[in-house]
Every structure is written in structure tokens, then in C-alpha cells.
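Novice: Structure, please.
(2 chains)
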Amino acid sequence: MSKRSTEVLVGLFVLLGIAALVFLALRAANLSSFNGADTYTLTAKFDNIGGLKVRSPVRSAGVVVGRVTSITLDPKSYQGVAKLDIEKSVQFPTDSSARILTSGLLGDQYIGLEAGGDEKMFAPGDTIKSTQSAVVLESLISQFLFNKAADAGGPTAPAANPPPAPSGAKK
Amino acid sequence: MEWIAALGRFALDILRSLGHHAAFFWELLRTLPVSLRRPYFAIAQVHALGNLSLLVILSSGLAVGFVLALQTYYALATYGAADSVGLVVNLSLVRELGPVVTALLFAGRAGTSLTAEIGLMKAGEQLSAMELMAVDPKSRVLAPRFVGGIVAMPLLALLFSAIGILGAYVVAVLLIGLDPGNFWSIMESGVDVRRDLGNGIIKSIVFGVICSFVAVYQGFEAKATPEGVARATTRTVVISSLTVLAMDFVLTALMFSTR
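Specialist: Prediction:
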């Protein structure tokens, strides 16, 4: 086989491989969605961030408008601090609220932004004031059991199912 | 007393073999700059190892995609999560099956031919003849093959994963009748480019180095007889497959354990 045709065939092979990479990256992974778009950063503090992770989506009315870029603990208030990258094209009023929600019953957690009615919009770097923490299933259950026990009253109920301390049940 | 000595001999043999491998690897790396000055030798090897392996890689990728889609569909349909077939197939292909199965096929298809070729060159005393002419066989024969294998392997693994996903699409959407929009969008939101695809590519490069090095080493160290070449070819497949599987576990533990 001539040198030239070998080179052409190898070139085709490499092109094919690159095409496969592009296909995998664009069509079958999340590179295409939400990348390169201009973003600005907002901060939100939560009493409990639950199962939120870095790169979790930020949604407003179900539409993905941004991603969580970092999660840290505020050493003074002992709150979880989440930094959110929001698309530049979407502006939120300063009284918007952030909630940690779960998609589906057992799905991943995400931040839901609900727009408020204020005239002023968030500037980059602002902090979202009104937040609602993640719902921790264990504390819900223990709260439920505790209420049940209190309703039943008398000495038998606490002995039957001793309520775990709510603080101890938190993750 | 005798068995203690035997144990010691065994341990020393392992150490000696490891050291020999390491020294050989180092020498091979040292010849790389020289041999890359004439890239055509490596390109010809990419053709021999890559282009000519395309058929087996693509057809097995397609078959794996078909079967994976069918099996995960049956399992997931029980939980009403049939739409996630694409995601499961994609993650298992890109993270594990793509690199690993490609490496196993590559060891069988390309590694054996490398070993047999180099072993026969040695048996026919072509390598000694080269040395007499002051041509270093390591840089003229071994290094281009080593480089060709390292270039071809990741490309083959990518093609394997891509065609496997297309195969899953054929089964899940065209045959079973899942919604194509859900198939692609669930896949897209669940697969991360750097974490899943990037780590898969790193794996395939590592496996490429392992397979090519084992093949080249076994060929060069083969006994210069027909029997020796046959043995070396068998050893190539066994050693590269086992090393790839062991390395895959280590790499997976390193890459996907955090977070």
C-alpha cells in the first residue's frame, strides 16, 4: 500500500474518532446545554442543604436557569452557603426566594427560585434573603412520631415508640 | 528449608521481572523522541492497529449496545423507569464497557499481531541484523508500534461507545418504541463531560499504554523459536487482559469514589 493512501486512511480513522467524541460530548452529555453562556453569581444561605451537590441545577418554574457552583459552611452562623451561577439573560427581583426541592419522590435535589414582586433586580454577588431549607425525611418522621406520642398521651405511648430527639435525627 | 528457598526464589523472580519490565519501559520511552522524528512509521502502525481493527470494534460495540438496551429495558420497565435506558447504556458504555471491552478486543486483535510480528522478526534474526547495521530495533521497530497502539486505542474506545449508544437508540426507540426526546434528554442531563466522558478517555489511554507495552515487550522478549513466538502471543492476551481488568478496578476506585 502506498504511503499516501495509508496516510489518508489514518486521517479518516482519526476524523471518525473525533466525530465520535463530538457526538458523545454534544449529543449524549451535557456540554451543549448551558455552557459558555454569560452568568452572574448569587449566594443563598440555608439552615440545612440536605443532599444538594455542586453542579445541582437551579430552576425557576421548572426551567433550568443556573447551577450550584460551590457549597461551604459559614463558620459564624453554621449555615450552608451555596453559590449559584445564574444565566445573565434571567434577572430576579430582590425579594425572590430560594428553596431546596427534590425532583420526584427519590430524585436529585435542586434549588427552586421563586420570583418575587419587587421592582429592583438582584445585582451580581447579592445574597438571597428568604430561603427554605431542604426537607430531611428523618426529622419529618421523628416529628410525626413525636406528635403521635403526644396525642396518645399517658405513660404507655412514649415507652412504645420512644421519639428520637429531632436534633439527633438530622443528617 | 527447601520450600523457604523456593518461596524466596519465587519472590525474587517476580521482583526481577518487574524490574525488567520497568527498565524496558524506560528505554522505550527514551527512544520515543528519536523515532517520532519520522512520524510515518507510527502512522503506518495506527493504520495497522486502528483502521484494521475498526470492523471488529464497531460490530461488537453495536452488539453490546443492542443487548445492553434490551436488558436494561426489561429491568427498568419493572420500575416504570424505561425512559432511563439511554442514560444507563451511556454511562455503562462511556465509563466502563467502552474502554475495557475495547482494550480486551484490542489485545486480542492488535496486541497478538504485534507480538507475533516482532517475535517472528526476532526468530528470523531481522532484529539482530538491524543491530549489526547500527539501527536500534527499539526505536525503529518497537517505538512506532507502541505509539501507534496508544493513538489507536482511545479512538477505538470512543467509536465503540458512540456506536453502542446508536445501537441502544435503534433498540430502545425504533424497536421498543420509547420516546426519542426522553431518550436523548435524560441521557444528556445525566452524563457529565468531564467526569464521565473525560475519565473514560483517560482510562482508554491507560489501557492503550498497557496493551501496546505488553505486546511489544512479549514480542521482543520471546524465545526465537516458533514455539516461543506462540507462547509469547498467548501471554500477550492473558497478561494484557488481566492487567487491564485490574487497572480498571484501581482507576474506577480513584475516579468515581469521591463525591
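
Novice: what does chain B have sitting close to chain A?
Specialist: Residues of chain B lying near chain A by CB under 8 Å from any CB of the partner chain: B:40, B:43-44, B:46-47, B:50-51, B:54, B:86, B:90, B:94, B:152, B:154-156, B:158-159, B:161-163, B:165, B:184, B:187-189, B:191-193, B:196-197, B:201, B:259. (Each C-beta comes from the backbone N, C-alpha and C, glycine too.)

Novice: now the residues you listed: which count as buried?
Specialist: Neighbour-count burial (16 or more other CB atoms under 10 Å in any protein chain shown) is assigned, among these, to B:43-44, B:46-47, B:50-51, B:54, B:86, B:90, B:94, B:152, B:154-156, B:158-159, B:161-163, B:165, B:184, B:187-188, B:191-193, B:196-197, B:201.

Novice: Looking at chain B, which residue is nearest chain A?
Specialist: Of all residues in chain B, residue B:155 sits closest to chain A, at 3.1 Å by CB to the nearest CB.

Novice: Confirm for me that that residue is in contact with residue A:17.
Specialist: Yes: counting by CB atoms under 8 Å, residue B:155 does reach residue A:17; the two are 3.1 Å apart.

Novice: Tell me which stretches of chain A form strands.
Specialist: With DSSP state E, the ranges of strands along chain A come out as A:39-46, A:57-60, A:63-73, A:80-87, A:97-102, A:109-114, A:127-128, A:130-132.

Novice: and those strands as JSON lines, adding mean neighbour count?
Specialist: Below are these laid out as JSON lines (neighbours: other CB atoms under 10 Å in any protein chain shown):
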{"stretch": "strand A:39-46", "mean neighbour count": "19"}
{"stretch": "strand A:57-60", "mean neighbour count": "20"}
{"stretch": "strand A:63-73", "mean neighbour count": "16"}
{"stretch": "strand A:80-87", "mean neighbour count": "20"}
{"stretch": "strand A:97-102", "mean neighbour count": "19"}
{"stretch": "strand A:109-114", "mean neighbour count": "21"}
{"stretch": "strand A:127-128", "mean neighbour count": "16"}
{"stretch": "strand A:130-132", "mean neighbour count": "15"}
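
Novice: what's the span of stretch B:222-229 from first residue to last?
Specialist: Criterion CA to CA, to the nearest Å; first-to-last residue distance in stretch B:222-229 is 6 Å.

Novice: and the longest helix belonging to chain A, which residues are buried?
Specialist: Taking DSSP state H as the criterion, chain A has its longest helix at helix A:3-22. Under the neighbour-count criterion of 16+ other CB under 10 Å, helix A:3-22 has A:6, A:7, A:9, A:10, A:13, A:14, A:16, A:17, A:20, A:21 buried.

Novice: and residue A:96, how many residues sit next to it?
Specialist: When counting by other CB atoms under 10 Å in any protein chain shown, one arrives at 21 neighbours for residue A:96.

Novice: Contact partners for the one residue in chain A that gets nearest to chain B?
Specialist: Using CB to the nearest CB, residue A:17 is the residue of chain A that sits closest to chain B, at 3.1 Å. Counting by CB atoms under 8 Å, 6 or more residues apart in numbering or on different chains, residue A:17 touches B:154, B:155, B:156, B:158, B:159.

Novice: Which pLDDT value belongs to the second one?
Specialist: So the one you mean is residue B:155. Listed pLDDT for residue B:155 reads 94.

Novice: following whatever helix or strand it lives in, which helix or strand comes up?
Specialist: Element membership of residue B:155 [criterion: DSSP states H and E] is helix B:143-169. Note on helix B:143-169: by DSSP H and E, the next helix or strand toward the C-terminus is helix B:180-190.

Novice: packing partners for the following helix or strand past that next one?
Specialist: The element immediately downstream of helix B:180-190 (helix or strand, assigned by DSSP H and E) is helix B:199-220. Using 3 or more CB pairs under 8 Å, 6 or more residues apart in numbering or on different chains; DSSP states H and E, the elements in contact with helix B:199-220 are helix B:2-35, helix B:98-106, helix B:112-123, helix B:143-169, helix B:226-256.

Novice: doesn't residue B:178 make contact with residue B:172?
Specialist: Yes: Residue B:172 lies in contact with residue B:178 (CB under 8 Å); the separation is 4.8 Å.

Novice: Comparing these two, which residue is more hemmed in?
Specialist: Each of residue B:172 and residue B:178 has its neighbours counted (other CB under 10 Å); residue B:172 has more, 27 against 21.

Novice: Which pLDDT value belongs to the more buried one?
Specialist: pLDDT, residue B:172: 90.

Novice: Could I get the contacting residues of it?
Specialist: Counting by CB under 8 Å, 6+ apart, residue B:172 makes contact with B:69, B:73, B:85, B:86, B:89, B:178, B:183.

Novice: ok, so of those residues, who is nearest residue B:104?
Specialist: residue B:89 (18.9 Å; CB to CB).
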